[in-house]
Structures are given as structure tokens and as C-alpha cells.
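Asks: whatever this is, show me its structure:
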Amino acid sequence: MSEDRDSALEQAVRLREEGQAEQARVRLLALAERYPDDAEISYQTAWAHDVLELEAEAAPFYERALSGSGLSAEDRHGAFLGLGSTYRVLGRHEPSAATFRRGLEEFPGDAALTAFLAMTSYNLGSSRDAVGSLLKVLAATSGDPRVQSYRRAIEYYADHLDEIL
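Replies: As a prediction, this is how the structure comes out:
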């Protein structure tokens with residue numbers, strides 16, 4: 001990697017973090033054109049578009065980021081969340097679910113990916129799967145002592161929502 005690339009990427013990310021997303025987007029588009037196979041630049045370019053609510057423009061950059069190599073685990077996780085939620089916002093529910101499932105293959109049991117998959121499952125008409133997934137996330141991640149005292153029951157009923165005694 002060149003110093004120019006690293007410095008330019010760092011400056012663009014800083015602009016986005018400081019609330020200057022449009023300026024960051026312009027710089028990142030130029031970098032993406034110059035380094036089309038750079039997964040990190042693609043990811044940051046997608047993110048800048050997402051911040052500006054330009055989801056349709058963000059999706060190809062997320063796709064490029066995930067198809068390449070060189071992303072940190074944290075950025076790869078963020079790319080799965082970004083692309084899956086971008087697809088969902090665009091009404092592309094099947095690709096959204098597939099993206100979240102791919103993410104869960106790499107990050108098994110991840111609460112954020114599971115929660116976003118649950119939202120997409122709801123959009124696909126699978127309310128039972130959505131509620132069950134959210135109950136499991138709640139049971140696994142809640143620090144609320146009342147939730148924890150009922151954790152076993154919540155986990156059981158997550159898979160048995162229609163059970164009646």
C-alpha cells in the first residue's frame with residue numbers, strides 16, 4: 001500500500017467521522033476509481049454513501065468490499081450489516097436475508113446480524129422466525145436481571161411460540 005493511498009483514505013474517513021460526509025464521499029469515489037480492487041476503500045466508500053442515505057449507490061461498494069480480501073474482521077462484519085440492511089431498505093429482502101446468513105456463517109451467533117436478519121425475516125412474512133430470533137438475542141444479550149431470571153423460559157419459547165398446555 002502506498003503512503004498516498006493510506007493518507008488519502010485516512011483523511012476521507014476523518015471527514016466522514018467529523019460529519020462532512022459529502023466531502024468524504026467525493027474523495028472516496030476518487031480513491032475507489034484509482035484502487036478498484038481495494039476492499040477497505042470500497043467499504044469506506046459504501047459507508048460514506050450510507051451516511052448520506054444513498055443506499056442504491058452504497059450497495060455495489062459493499063458488494064465489492066465483501067468480494068475482495070484485506071478487510072479486518074470488524075470491517076467485514078460491518079460490511080455484512082451495511083449491505084444486508086441496505087438491501088432491506090431498498091426492498092431487496094431475499095438478497096438481504098442471504099447477506100445476513102452469510103455474515104452469520106462467518107460470525108456465528110452475532111446478535112446484531114441476528115437482529116437484522118429477524119427484521120428481514122419479518123419483511124419476508126416469517127414473523128415466527130423473526131420473533132424467535134429476537135427472543136434468543138434478548139435472552140443472550142440482556143443485562144436486565146428480570147430477563148435473565150426467565151432466560152431458560154424465553155429461550156425455550158423462542159422455538160415453541162405456538163405451544164399451548
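
Asks: remind me which helix or strand the nearest residue to Ala115 once chain neighbours are set aside belongs to.
Replies: Sequence neighbours aside, Val137 is the residue nearest to Ala115 in space, at 5.5 Å (criterion: CB to CB, 6 or more residues apart in numbering). Placement of C-beta: from N, CA and C, glycine included. For Val137, the host element (DSSP states H and E) is helix 127-141.

Asks: what helices or strands is that helix leaning on?
Replies: With contacts defined as 3 or more CB pairs under 8 Å, 6 or more residues apart in numbering; DSSP states H and E, helix 127-141 has these neighbours: helix 111-123, helix 151-158.

Asks: switch the cut-off to 10 Å
Replies: On a contact count with 3 or more CB pairs under 10 Å, 6 or more residues apart in numbering; DSSP states H and E, helix 127-141 meets helix 111-123, helix 145-149, helix 151-158.

Asks: dump the ones you listed to JSON lines, plus mean pLDDT, mean neighbour count and distance to Leu104.
Replies: Formatted as JSON lines, the helices and strands packed on helix 127-141 follow (pLDDT from 0 to 100; neighbours: other CB atoms under 10 Å; distance: least, CB to CB, whole Å):
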{"stretch": "helix 111-123", "mean pLDDT": "97", "mean neighbour count": "20", "distance to Leu104": "5"}
{"stretch": "helix 145-149", "mean pLDDT": "94", "mean neighbour count": "10", "distance to Leu104": "23"}
{"stretch": "helix 151-158", "mean pLDDT": "94", "mean neighbour count": "14", "distance to Leu104": "16"}
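
Asks: for those, please prepare TSV with the additional fields distance to Gly84.
Replies: Shown next, in TSV, are the helices and strands packed on helix 127-141 (distance: least, CB to CB, whole Å):
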stretch	distance to Gly84
helix 111-123	6
helix 145-149	26
helix 151-158	21
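
Asks: figure out which of those helices is closest to Glu105.
Replies: Nearest to Glu105, of all the helices and strands packed on helix 127-141, is helix 111-123, at 9.8 Å by CB to CB.

Asks: no further questions, thank you.
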